[in-house]
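Engineer: Quick one, what's the 3D model for this:
(one chain, ligands or ions: 2)
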Amino acid sequence: MSKLFRAVIMGPPGSGKGTISERIAHSFGLKHLSSGDFVRENIAAKTEAGVLAKTYIKKGLLVPDHVMTRLLLPRLEEMTKYSWLMDGFPRTLAQAEALNSACDLDVAINLNIPLETLKERLRHRWIHPLSGRVYNMCFNPPRVQGIDDITGEPLIQQEDDRPEALVARLRHYKDVAKPVIDFYKAKGILYTFSDTETDLIWPNISTLLSTKIPAIQSDARCASTH
Ligand SMILES: Nc1ncnc2c1ncn2[C@H]1C[C@H](O)[C@@H](COP(=O)(O)OP(=O)(O)OP(=O)(O)O)O1
Ligand SMILES: Nc1nc2c(ncn2[C@@H]2O[C@H](COP(=O)(O)OP(=O)(O)O)[C@@H](O)[C@H]2O)c(=O)[nH]1
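Structural biologist: Ligands and ions are numbered 1, 2, ... in the order given. Down below sits the predicted model:
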């Protein structure tokens, strides 16, 4: 790879950021950086930022910008030799500005998925809380119902994935994401993808990235996403 490639992926809860990030990482050999994973790692390791982050997550709140950037930017400094795709960060304009001062992005992928589709997906989303591994009882079910494939531990459904909670989460998402979307639009690196199925969006994302980075795998439609 002649030049390192840096991208972010944005979208409301359930839009498929994690699922699509895995496909991109697998097909194009990028490192998939997930802000949620960083947060979980820091909570598990009881770092100062992790302990602080936990107090917000327990209340169902987003982690404040200054805690997120403190947690994330040092990790990016360890990534200077790699191409990467960041999933879950930035979520706010302040985070986008902090990221912008740390590195130059090539692409910002924006997923635009209808509300009814999001509701339906999250109704069927089950996660392994310690790792953040995500399943869907229809789209990518675990091998044994209710059990994580890797650890054999039980899966849970998140309270805030319930349809009633989702509408409020989505409204909040729209409010905070709009300035971030405008920020990347103004930079000329925003690419928006709208459809109801990941399998329909994926070929378009794959085509875009093929023009930006050399594919390490020609068969982009990978069956497994977790
Ligand atoms: N960029 C961020 N800003 C603030 N808080 C964050 C950020 N990224 C992650 N967090 C915190 C709050 C989240 O509830 C928690 C787990 O993140 P994540 O795994 O992305 O799950 P999520 O349930 O918020 O996202 P989604 O529903 O979009 O998949 O970590
Ligand atoms: N039915 C269906 N479910 C999907 C599709 N793409 C992703 N999912 C599932 O929808 C849920 C949300 O996807 P996820 O990647 O976690 O989205 P994120 O919240 O944006 O990271 C997960 O349970 C996925 O397995 C799809 O095209 N169809």
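Engineer: hmm, the lengthiest helix in the chain in reach of ligand 2?
Structural biologist: Ranked by number of residues, the top helix in the chain under DSSP state H is helix 163-187. No. Helix 163-187 lies out of reach of ligand 2 by C-beta under 6 Å from any ligand atom, never closer than 10.2 Å. Where C-beta positions appear, they are placed from N, C-alpha and C, glycine not excepted.
Engineer: Who are the packing partners of that helix?
Structural biologist: In terms of contacts (3 or more C-beta pairs under 8 Å, 6 or more residues apart in numbering; DSSP states H and E), helix 163-187 is packed against strand 6-10, helix 93-102, strand 107-112, helix 115-123.
Engineer: Export those as TSV, with columns for mean neighbour count, distance to ligand 1 and mean pLDDT.
Structural biologist: Listed next are the helices and strands packed on helix 163-187 as TSV, based on neighbours: other C-beta atoms under 10 Å; distance: least, C-beta to the nearest ligand atom, whole Å; pLDDT from 0 to 100:
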stretch	mean neighbour count	distance to ligand 1	mean pLDDT
strand 6-10	25	10	97
helix 93-102	17	6	96
strand 107-112	20	10	98
helix 115-123	17	7	90
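Engineer: Adding distance to ligand 2, write those out as a markdown table.
Structural biologist: Formatted as a markdown table, the helices and strands packed on helix 163-187 follow (distance: least, C-beta to the nearest ligand atom, whole Å):
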| stretch | distance to ligand 2 |
| --- | --- |
| strand 6-10 | 8 |
| helix 93-102 | 16 |
| strand 107-112 | 7 |
| helix 115-123 | 4 |
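Engineer: Quick one: the ones you listed as a markdown table, columns for distance to Asp199 too.
Structural biologist: A markdown table is the format used below for those (distance: least, C-beta to C-beta, whole Å):
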| stretch | distance to Asp199 |
| --- | --- |
| strand 6-10 | 17 |
| helix 93-102 | 29 |
| strand 107-112 | 13 |
| helix 115-123 | 13 |
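Engineer: so which of these gets nearest Ala25?
Structural biologist: Nearest of those to Ala25, taken as C-beta to C-beta: strand 6-10 at 10.7 Å.
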